[in-house]
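Colleague: curious how this folds, go ahead:
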Amino acid sequence: MVTQSFSSAVYGVNASIISIEVSIVSGTSLFMVGLPDSAIKESQHRIESVLKQIHYAMPRQRVIVNLAPAAIRKEGSAYDLPIALAILHASAQCHLLHLASYTIMGELALDGSLRPVKGILPMAIEAHARGFKGIIVPAKNGTEAAVVEQLEVVAISHITEAIAFLEGKCSILPITVEVDQLLETCAKGYEVDFSDIQGQENIKRALEIAAAGGHNVMMIGPPGSGKTMLAKRLPSILPPFTLAEALETTKIYSVIGRLDASCGLLTRRPFRAPHHTISDVALVGGGSFPAPGEISLAHHGVLFLDELPEFKRNVLEVLRQPLEEGKVVIARAKCTVEFPAKIMLIASMNPCPCGYYNHPDKACVCSVLAVQRYLNKISGPLLDRIDLHVEVTPLLFQTLTSNEKGEASSRVRERVIHARTMQRQRFQHYPHGYINAHMSLQMIKRFCPLPQAGKKLLQVAMEKLGLSARAYDRIIKVARTIADLAESEPILEMHLAEAIQYRSLDRKEWGG
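Modeller: Numbers count the residues shown, from 1 in each chain. As a prediction, this is how the structure comes out:
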């Protein structure tokens, strides 16, 4: 007799259904086939202990456990529970009527209690897509799985509960989550606010434009001018997650086990700020079994790189493909994994090694060559992919000590949401939910026609600044966002003029 139960495996951020087939024949020992890793092979000893604890027994015959499809490598301890249940059913110790109707995941402790596992959200999404009645998960993973609507989520804390439920001897109330209410409630209230910042109105304006269109920003200025403070407040003006965006981002955190069990869903856009000593693998993702890096953890949110020139050159260069394509592709000998990476890159840097180049009061002690060498740590191709370059100047004492409150993040956020709404309507016939920063060349030609005066202005800027074709496209995208904030459908000359001024690092005075 062959018994079949179902579990799931995660590759990248997507899951596949795994069929667990158990056959009991004459002989001795337990054999696991289907490319299991060490954690799965060790489950034999955990399962044997658990069955003894709950007054069952491991069959004293040859037990063959096949994890299908056999060509795909399986890893982790999430298969403990479905293997144990399949063995009980195959050995006729239990009659589990509903075993094949659910996908089952869970790591067993030696006393039969269940420990949480990684990647439950993509597993639940796949179970729903494949038409399973529901999913059985450890209690601590219940809220996470319940984010998937129209799927019966049975959360249990001990293997005996799963046995009784699948035998039909008891009913367990499925867990439900009001996702829309969760998003609306948890997304409100930030610890920091734009009103905390005195002055720097031009930088706030640049960040508002960046938030409205999803643009990348480089802030360059002396130490203590407020670059980090401004960057940390950017999430407070970003529009709230849509459900699709929240699910996409939550899947990434679920896969690496960094999801808050009490919530089950990311409700705020992520803000990641890795240290400049980070490796290229940690930033982009990878490893023997590829896992997402900081770029993917910032998906639909902000990746903040403080003191950009201090990062290793090879680390910065891996940003180029994700910034252009919105994804990370990691190729290995046996597999190719794709991680989403639609991010807003916010970078900050000093203008020179001492930090006071172009400072209005303090003298720079760096030579022209030292300044040039410092700025050259950031490659031209990477700078081309950053839409807005803004100079952050130090605050005057009178501004710093003023009691006047700046504009609150909530008011700025309203304008950003309105601009995003215009973009959503403009790109409604495109399937991937475009925003201005992600427009293709064809979309720029269609949605960003320029007036004759604007073309002449852009021509002069191209010739004087020596801009590349990519920088040309970036200026038009930023101008499109500025027009959206002004509720203007045509892009006017003044919108282009403002977009051009956000190219500080293209000007000749930087670096001599």
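Colleague: all the helices of the stretch 151-300 of the chain, in order from the start?
Modeller: For the stretch 151-300 of the chain, the helices defined by DSSP state H, counting those that start in this stretch occupy 159-167, 179-186, 201-213, 227-232, 243-255, 280-284, 294-297.
Colleague: what helices and strands are in contact with the first one?
Modeller: Contacting helix 159-167 under the criterion 3 or more C-beta pairs under 8 Å, 6 or more residues apart in numbering; DSSP states H and E are the following elements: helix 80-90, strand 152-156. For every residue, glycine as well, the C-beta is placed using N, CA and C.
Colleague: the inter-axis angle of the first one versus helix 159-167?
Modeller: In other words, helix 80-90. 50 degrees (axes from the mean of the first three to the mean of the last three C-alpha atoms, to 10 degrees).
Colleague: name the next helix or strand downstream of helix 80-90, please.
Modeller: Following helix 80-90 in sequence order, the next helix or strand is strand 102-104 (DSSP states H and E).
Colleague: residues in contact with that following strand?
Modeller: 5-8, 17, 81-82, 85, 123, 126-127, 132-137, 152, 154, 162, 166 (C-beta atoms under 8 Å, 6 or more residues apart in numbering).
Colleague: how far does it sit from its chain's centre?
Modeller: 27 Å (C-alpha atoms, centre = their mean, to the nearest Å).
Colleague: list the buried residues in that strand.
Modeller: Of all the residues in strand 102-104, those buried under the rule 16 or more other C-beta atoms under 10 Å are 102, 103, 104.
Colleague: return the most buried member of the helices of the stretch 151-300 of the chain.
Modeller: helix 294-297 (a mean of 25; mean count of other C-beta atoms under 10 Å).
Colleague: helices or strands up against the helix or strand following it?
Modeller: Downstream of helix 294-297, the next assigned helix or strand under DSSP H and E is strand 302-305. For strand 302-305, the packing partners by 3+ C-beta pairs under 8 Å, 6+ apart come out as helix 227-232, strand 271-272, strand 344-349.
Colleague: neighbouring contacts of the next helix or strand after strand 302-305?
Modeller: With elements assigned by DSSP H and E, the helix or strand that comes after strand 302-305 is helix 313-317. With C-beta under 8 Å, 6+ apart as the test, helix 313-317 has contacts from 278, 279, 280, 283, 308, 377, 378, 379, 382.
Colleague: contact partners for the second one?
Modeller: Put plainly, it is residue 279. Neighbours of residue 279 in contact, by C-beta under 8 Å, 6+ apart: residue 315.
Colleague: make a markdown table out of the helices of the stretch 151-300 of the chain and add mean pLDDT and distance to residue 451.
Modeller: Shown next, in a markdown table, are the helices of the stretch 151-300 of the chain (pLDDT from 0 to 100; distance: least, C-beta to C-beta, whole Å):
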| stretch | mean pLDDT | distance to residue 451 |
| --- | --- | --- |
| helix 159-167 | 96 | 67 |
| helix 179-186 | 74 | 40 |
| helix 201-213 | 93 | 20 |
| helix 227-232 | 91 | 33 |
| helix 243-255 | 92 | 34 |
| helix 280-284 | 92 | 41 |
| helix 294-297 | 95 | 37 |
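Colleague: quick check: which of these is nearest to residue 343?
Modeller: helix 294-297 (6.2 Å; C-beta to C-beta).
Colleague: just to revisit the earlier point, may I see the ChimeraX selection of the buried members of the contacts of strand 102-104?
Modeller: In ChimeraX, this line selects whichever of the contacts of strand 102-104 come out buried by 16+ other C-beta under 10 Å:
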select :5,6,7,8,17,81,82,85,123,126,127,132,134,135,136,137,152,154,162,166
